[in-house]
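In: quick one: sequence and predicted model below, then my questions.
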Amino acid sequence: MLKRESDVYGFGVVLFEILCGRIANDPIYIKENDEGLAHVARRSFQTRILEEMIDPIIKEETGENNFVLNIGPNMDSLHTFIKIAYQCVAKTQDQRPTMKVVVKELEKALFFQKNKKNNPRISLEDIKEATQNFHNDNCIGGGGFGRVFIGNLRDGDGFKTVVAKRLDTRFGQGEIQFWTELQILLEYKNENVIGLIGYCDEQDEKLIVCEYAPRGSLDRQLNNASLTWVKRLNICIDVAIALNFFHEGVGKQAKVIHRDIKTANILLNRDWKAKLADFGLSLISPITQKIEYVIDYACGTPGYMDPLHEKSRFLTIESDIYSFGVVLFEILFGRSTFEIQKQKGNQSMKRWCSSK
C-alpha cells in the first residue's frame, strides 16, 4: 500500500539523521536492529533517552553556558523538532501527520530558536488564575482571533493588569495568525505598538498576553466629548509613527504591512496615547527598493480595505496608507465607517479574506 504517508515516513527518517548526525543505515543502528534508525529513534523516544542520540555537535551547543549566552539550540525548539520527527515515523500510516502539519511544526521550531533571547512564556495555569478561568465577566471583546479577556497577572509581590487574547480553535483556523502576531510583537518593539507581556502554547490553548490599554479601542471613543482636537491630532501622529516604523523596517528586518488598519485596532492608554495592535493578518514583507509589491490574497475589513488591493491582489505599503486615510476621516468626523455602512444597510463589516 503506497501512500503519501510513505514519503512522510522517509522524511521522518531524514529528520532523525539531521538530529543525530548519522545516516539511517549507520552500522551503530543496523547492529542494534535491522529496521535501522527509525526503530531505534522510536524506542528511544518512548523511553525518554532520545536526547542521548543527538549529534554531539548540537549537545555542545546546548551547554549551560551557551544557554546563558543565547547561542546554540533552544530546548523548546529541539523538543518540537523531536516530537514531529517521531510522529513522522509512526508504525501505521494513519498515525503520521500530513506534510502541511510537518511544515507548521518545523516553522514553530525555527520560531522558538529565532526568539530564544526573548521567549516570555506564561503558563496556562497563571493565565487562568488571572482571568478567573476565562470567566465571562472578564471578557472585554473579541474578533476573528477569538475572545479577549482582562485579568490580573501575578507580577512579583503584586499584580499587573493585562489582556489575554485566546485563540478560538473550534473551526481549525487562526493558528497561522497567532504565530504571525506573536513573531511581530516579539521582534518589532516601538512605544506606539502594543506591548507584549507573554504568550502561552500548551494543552491545545494558544494565548497572547499584552499590556492593558485602559481607554480601550479608538472606535469606542470617537464620540467622547473629551476627545479634543489636540488629542485627535496626537493620536493620528502616534499611529502614523507606528506605521512608518513597520513600513521602513527595523535595521535588517523586513518591512511589515499591517493589512487591517482601523480604529478598532488602535488602543488608547489612560493619557490618550495610541498603540497599534492586532497583527494577525499582517505580512512580514519581502518589499524592498527593487520589489514594490506582493501578490497576495485580498484580506482586511470592508470599509477600510484598499479597493485596488481587493481588485488586483497587488499588496503594497500604500494599502495600509489607504486604510489609515479612512481612520483619519473617522477621527475628523467623529463617526466610524461601521456606522456609515450600517446606515446604508450593509451589516457585514467583519474581517474579510478572499483568494479570488
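Out: In hand now; what should we look at?
In: in the chain, which spans are helices?
Out: Assigned by DSSP state H, the chain shows helices spanning 4-20, 27-32, 37-46, 56-61, 64-68, 75-88, 99-114, 124-130, 175-187, 229-248, 307-312, 317-333, 337-343.
In: okay, those in CSV with mean pLDDT next?
Out: Shown next, in CSV, are the helices of the chain (pLDDT from 0 to 100):
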stretch, mean pLDDT
helix 4-20, 91
helix 27-32, 65
helix 37-46, 72
helix 56-61, 63
helix 64-68, 38
helix 75-88, 86
helix 99-114, 86
helix 124-130, 93
helix 175-187, 85
helix 229-248, 95
helix 307-312, 83
helix 317-333, 94
helix 337-343, 65
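In: to Ile261, which of those lies closest?
Out: helix 317-333 (3.7 Å; Cβ to Cβ). Where you see a C-beta, it was placed from the backbone N, CA and C, and this is true even at glycine.
In: mind listing what's buried in that closest one?
Out: For helix 317-333, the neighbour count (16 or more other Cβ atoms under 10 Å) marks Ile317, Glu318, Ser319, Asp320, Tyr322, Ser323, Phe324, Val326, Val327, Glu330, Ile331 as buried.
In: next, format those residues as TSV and append distance to Ala254.
Out: Below are these laid out as TSV (distance: Cβ to Cβ, whole Å):
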residue	distance to Ala254
Ile317	12
Glu318	17
Ser319	16
Asp320	15
Tyr322	21
Ser323	20
Phe324	20
Val326	25
Val327	24
Glu330	29
Ile331	29
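In: was I right to think Ala240 contacts Gly325?
Out: No. Applying Cβ atoms under 8 Å as the test, Ala240 and Gly325 come out as separate, 11.0 Å apart.
In: show me what contacts Val162?
Out: Applying Cβ atoms under 8 Å, 6 or more residues apart in numbering, we find Val162 in contact with Ala130, Ile150, Gly151, Asn152, Leu153, Ile197, Val209, Cys210, Glu211, Tyr212.
In: in the sheet, who's paired with the fifth one?
Out: Put plainly, it is Leu153. Lys160 (DSSP bridges).
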